[in-house]
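>>> fold the following for me, if possible:
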Amino acid sequence: MNKFWKIALLGFLVISMVSCSSENSSSYVLEKAKERRESQNEKPLFRDFFKKEETTENQNKIINIEEKEEVTEEFFDRSFKLVFFGDSLTQGVGDKSENGGFTSSVQEFYENKPYIDNASVTNLGVRGNRTNHLLKRLEDPEVQEALAEADVIFMTVGGNDLMKVIRENFLDLNFSLFDKEQKLYAERLDSVLGEIRKHNESSRIYLVGLFNPFYQFFQEIEEMNEVVTNWNATTISVLDEYPNTAYVPIQDIFIDPKENLLDDDQFHPNEKGYQLIGNNIIEEIKRFNEESTADEMLEEE
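Numbers count the residues shown, from 1 in each chain. Coordinates of the predicted model:
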């Protein structure tokens, strides 16, 4: 039986090919379409569909479309929410102009974009905060809400974790002490990022690295630069576990600077120092945008 149907199908295809060769192929297709349409019109469903007059319900639908309200301004919302979360660097301690440290440079960068009318800033920086403090603050509903609504998040943390080792072991510092605390710092930072992602799964996170504030007066202590480098490497390794995150290096800014970049406390950046940190953040934002464009182009090919 299967063989019979195969032969019949082959015969049908041969007849169709002969018919196509004896007349214009486009006319043939149009003719078949016409036949199919006529056969459909014979069915009650299609006959009623094509012949029915406009009902009152349909007329009301047309009127509702024509009289629909204008689209609200909220539909074309061009605002952008920047949330800064972290320690004294986020707070802008040392910036005597009181412009918020590097946050003002980042805000200006976004507001200069043609597709953004207003870049709002929520500054959640608190002087002295370590990773364990950030974890505690992430229990605050207001902090959770701010992070959840953020279009982009900027973080500074780790400096006070490092300074805690120095303060508590000032007379007996060695690499093993830093290594031990460095591992604990990595675990806490991982927890911080994990908590942030619970409230905001997709927004870009930029984490600013550490710098050596003692370099200007204690250049001979080369080990301190090595410690800072190792801690920054730990930060990068944690970020690698989280998509859509970026590390912003600032260590080199404060090594052999051409001018003073520290505040009077010789620990926090001054206005110029914050400006240079802001420049590095902006460069990282640009680099990410360029990489995203390239990735999108590859996906389209």
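
>>> quick one: secondary structure of the closest residue to residue 138 other than its chain neighbours?
Leaving aside its sequence neighbours, residue 138 sits nearest to residue 195 (C-beta to C-beta, 6 or more residues apart in numbering; 4.5 Å). Where C-beta positions appear, they are placed from N, C-alpha and C, glycine not excepted. Under DSSP: H, G, I helix; E, B strand; the rest coil, the three-state class of residue 195 is helix.

>>> what's the answer for residue 123, then?
The three-state label given to residue 123 by three-state DSSP is strand.

>>> okay, now residue 100: neighbour count?
20 (other C-beta atoms under 10 Å).

>>> so it sits right up against residue 108, yeah?
No: checked against C-beta atoms under 8 Å, the pair residue 100 and residue 108 is beyond contact range at 11.0 Å.

>>> which stretches of this structure have low pLDDT?
1-77, 291-301 (pLDDT under 70).

>>> how about the strands in it?
79-86, 118-125, 152-156, 204-208, 245-248 (DSSP state E).

>>> export those strands as TSV, with columns for mean neighbour count.
As requested, the strands of the chain are exported to TSV (neighbours: other C-beta atoms under 10 Å):
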stretch	mean neighbour count
strand 79-86	22
strand 118-125	18
strand 152-156	24
strand 204-208	23
strand 245-248	19
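
>>> quick one: closest of the ones you listed to residue 162.
Closest to residue 162 of the strands of the chain is strand 152-156 (C-beta to C-beta; 12.4 Å).

>>> show me what that closest one is in contact with.
80-87, 89-90, 103, 106, 125, 147, 196, 200, 203-208, 281 (C-beta atoms under 8 Å, 6 or more residues apart in numbering).

>>> run the angle between it and strand 204-208 for me.
Orientation check (axes from the mean of the first three to the mean of the last three C-alpha atoms, to 10 degrees): strand 152-156 against strand 204-208 gives 20 degrees.

>>> can I get strand 152-156 in CSV, CA atoms only?
Provided in CSV are the C-alpha atoms of strand 152-156 (Å, rounded to 0.1, in the frame of the first residue of the first chain):
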residue,chain,number,x,y,z
VAL,A,152,24.0,51.2,37.0
ILE,A,153,25.8,50.6,40.3
PHE,A,154,29.2,51.9,41.4
MET,A,155,31.0,50.5,44.4
THR,A,156,34.1,51.2,46.5
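
>>> listing partners with orientation, what would you give for it?
Using DSSP bridges, the strands paired with strand 152-156 are strand 79-86 (parallel), strand 204-208 (parallel).

>>> nearest to residue 165, out of those strands?
Residue 165 lies closest, by C-beta to C-beta, to one member of these: strand 79-86, at 18.8 Å.

>>> the closest one vs strand 118-125, what angle?
Following the same axes, to 10 degrees, one obtains 10 degrees for the angle between strand 79-86 and strand 118-125.

>>> can I get strand 79-86 in PDB? Just the C-alpha atoms.
Output of strand 79-86 as PDB, limited to C-alpha atoms (Å, rounded to 0.1, in the frame of the first residue of the first chain):
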ATOM      1  CA  SER A  79      16.000  59.500  33.200                       C
ATOM      2  CA  PHE A  80      18.800  57.300  34.500                       C
ATOM      3  CA  LYS A  81      19.400  56.200  38.000                       C
ATOM      4  CA  LEU A  82      23.000  56.000  39.300                       C
ATOM      5  CA  VAL A  83      23.500  54.400  42.700                       C
ATOM      6  CA  PHE A  84      26.900  54.700  44.500                       C
ATOM      7  CA  PHE A  85      27.400  52.200  47.300                       C
ATOM      8  CA  GLY A  86      30.400  51.800  49.600                       C
END
